[in-house]
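Engineer: Let's see this in three dimensions:
(chains A and B)
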Protein chains: 2
Amino acid sequence: MGKVYVVGLGPGGREYLTIKAAQVLQECDAIIGYQGYLELIKELLEGKEVISSGMRRELERCAKAVALAREGKKVALVSGGDPGIYGMAGPILELNAREKDPVPVEVIPGVTAAGMAAALLGSPLMHDSVFISLSDLLTPWEVIQKRLYLAGEGDFVVALYNPRSQGRPHYLEEACSILLKYRKAETPVGLVRKAGREGEEILLSTLGQFPAQDVDMFSTVIIGNTRTYCADGKMITPRGYVL
Amino acid sequence: MGKVYVVGLGPGGREYLTIKAAQVLQECDAIIGYQGYLELIKELLEGKEVISSGMRRELERCAKAVALAREGKKVALVSGGDPGIYGMAGPILELNAREKDPVPVEVIPGVTAAGMAAALLGSPLMHDSVFISLSDLLTPWEVIQKRLYLAGEGDFVVALYNPRSQGRPHYLEEACSILLKYRKAETPVGLVRKAGREGEEILLSTLGQFPAQDVDMFSTVIIGNTRTYCADGKMITPRGYVL
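Structural biologist: Residues are numbered from 1 along each chain as shown, chains lettered A, B, ... in the order given. As a prediction, the model looks like this:
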């Protein structure tokens, strides 16, 4: 039997792959992924069976990966960022576990979007944090809302995945309003768009003045805790060292 | 003037470096790090000025990196996992921002411990999560405790960094007790020790029976949310897809 490797591509182009991920892609017979991600690693696809599809076709891609592994192939199911953080590791494992005879699956982790955004902004994730997706496609908004309140109460740094899309333009504004109940308007907020890719944008703003309307699905947003500050152009959350 | 690169080594040996991190290490004149991490990348240190030191010498290493950059050198300050998540990005940026004339600092992200642990366990981090460090060296235990209660209330998946050390042997047991107020004893808990390194260990257990005494400072612990389950030997948190 073949095997499915769920390969994290990291945030951008080829240079943010791990060496392990690059090796696995090289050894695979077939590569399956969202077309937008496959474009970022074009040079690694030569000579491979390539199956690309559009957004929201995740389950189809998983089923195809399992089918090809059954044919004896080594299959890379690629995922932007880290496949284990809002990526493809979940759906493939859920689907595969329901098979009568599951195929071998191995997850190759990658740099997640929040890690990359943090690196570009400075060091905002240096203390306890929450990762929350603002997408209500698979989670009711009430659950997301409750988690934002708790994040505020716990003074967690907040990393927002899927911060905005056409179908839910007001959630990000609402998220900021919720956190404003616990944090000052001056609290630093960082926005990174197209991290590690052409057209990369980095913006340091504040919770009170954050331009939520400029955020899109290529963005990651990090909201500081009550101790986060900006200095030397960087967003810094203190770890607690006495300097 | 030189420059400090804060380089994430990822969880284990060389293969979990990003291609970018490997390139940066190659281009640097000096490499500074905790001796335990430098041993993992021995083959990359040849011909470099290497400055290693023991645990809890973080601030000394940062000061040295800044000093060498002032001499015009390209310096890699290495950090296990992702330097921006409980790593070296914070202290170096804090320290540097207090300098009269800060040196250029760039953070190169890496795969963080929780991402690697998740990949080895299955897909436990597929829904909203909190990252909490159980170390009270820099954070009062009362703050950590409060965050654990809030994580329970919000049904966040919980990734624990620094889950246990000799100085605080009971915190992990307490963390499990707190989450048991919100989650069943059968809730899956994953433990990964020495991820990606020699002696790697992976254990799937439950919140009720978790062997906290086996956890040490080389471990990462991930506690599932109320929907996390085990199947086909994997720890899976559903994302919400209708299969």
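Engineer: and the lowest-mean-pLDDT helix or strand in chain A, what other elements does it pack with?
Structural biologist: Among the helices and strands of chain A, helix A:35-40 carries the lowest confidence by mean pLDDT, DSSP states H and E, at a mean of 89. Judged by 3 or more C-beta pairs under 8 Å, 6 or more residues apart in numbering or on different chains; DSSP states H and E, the packing partners of helix A:35-40 are strand A:49-53, strand A:74-79. (C-beta placed from N, C-alpha, C; glycine too.)
Engineer: List the contacts of the residue nearest the centre of chain A.
Structural biologist: Centroid-nearest residue in chain A, with C-alpha atoms, centre = their mean: A:A113, separated by 4.2 Å. Residues in contact with A:A113 (C-beta atoms under 8 Å, 6 or more residues apart in numbering or on different chains) are A:11, A:80-81, A:85, A:161, A:195, A:220.
Engineer: Filtering the residues you listed by proximity to chain B, which remain?
Structural biologist: A:11, A:85 (C-beta under 8 Å from any C-beta of the partner chain).
Engineer: Let me have the contacts of A:A113 in JSON lines, extended by neighbour count.
Structural biologist: Formatted as JSON lines, the contacts of A:A113 follow (neighbours: other C-beta atoms under 10 Å in any protein chain shown):
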{"residue": "A:P11", "neighbour count": "29"}
{"residue": "A:G80", "neighbour count": "21"}
{"residue": "A:G81", "neighbour count": "27"}
{"residue": "A:I85", "neighbour count": "30"}
{"residue": "A:Y161", "neighbour count": "19"}
{"residue": "A:A195", "neighbour count": "27"}
{"residue": "A:T220", "neighbour count": "27"}
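Engineer: In JSON lines: the contacts of A:A113, plus secondary structure and pLDDT.
Structural biologist: Converted to JSON lines, the contacts of A:A113 look like this (DSSP: H, G, I helix; E, B strand; the rest coil; pLDDT from 0 to 100):
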{"residue": "A:P11", "secondary structure": "coil", "pLDDT": "91"}
{"residue": "A:G80", "secondary structure": "coil", "pLDDT": "93"}
{"residue": "A:G81", "secondary structure": "strand", "pLDDT": "96"}
{"residue": "A:I85", "secondary structure": "coil", "pLDDT": "98"}
{"residue": "A:Y161", "secondary structure": "strand", "pLDDT": "96"}
{"residue": "A:A195", "secondary structure": "coil", "pLDDT": "93"}
{"residue": "A:T220", "secondary structure": "strand", "pLDDT": "96"}
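Engineer: Tell me the one of the contacts of A:A113 nearest chain B?
Structural biologist: For the contacts of A:A113, the closest approach to chain B (C-beta to the nearest C-beta) belongs to A:I85, at 5.3 Å.
Engineer: was I right about that closest one contacting B:P124?
Structural biologist: No. Using C-beta atoms under 8 Å, A:I85 makes no contact with B:P124, being 10.2 Å away.
Engineer: tell me the angle of the helix or strand hosting A:G115 relative to helix B:113-121?
Structural biologist: Using DSSP states H and E, A:G115 sits in helix A:113-121. Inter-element angle recorded for helix A:113-121 and helix B:113-121: 160 degrees (by axes from the mean of the first three to the mean of the last three C-alpha atoms, to 10 degrees).
Engineer: Now helix A:113-121: average pLDDT?
Structural biologist: Across helix A:113-121, the average pLDDT comes to 98.
Engineer: so after that helix, what's the next helix or strand?
Structural biologist: By DSSP H and E, the next helix or strand past helix A:113-121 is strand A:122-123.
Engineer: Can you tell me what sits against that following strand?
Structural biologist: Against strand A:122-123 from outside (C-beta under 8 Å, 6+ apart): A:190, A:230, A:233-237, B:83-84, B:89-90, B:93-94, B:107.
Engineer: so where do the strands sit in chain A?
Structural biologist: Listed in chain order, the strands of chain A (DSSP state E) span A:3-8, A:30-34, A:49-53, A:74-79, A:105-108, A:122-123, A:129-133, A:157-161, A:188-193, A:201-206, A:219-223, A:229-231, A:234-236.
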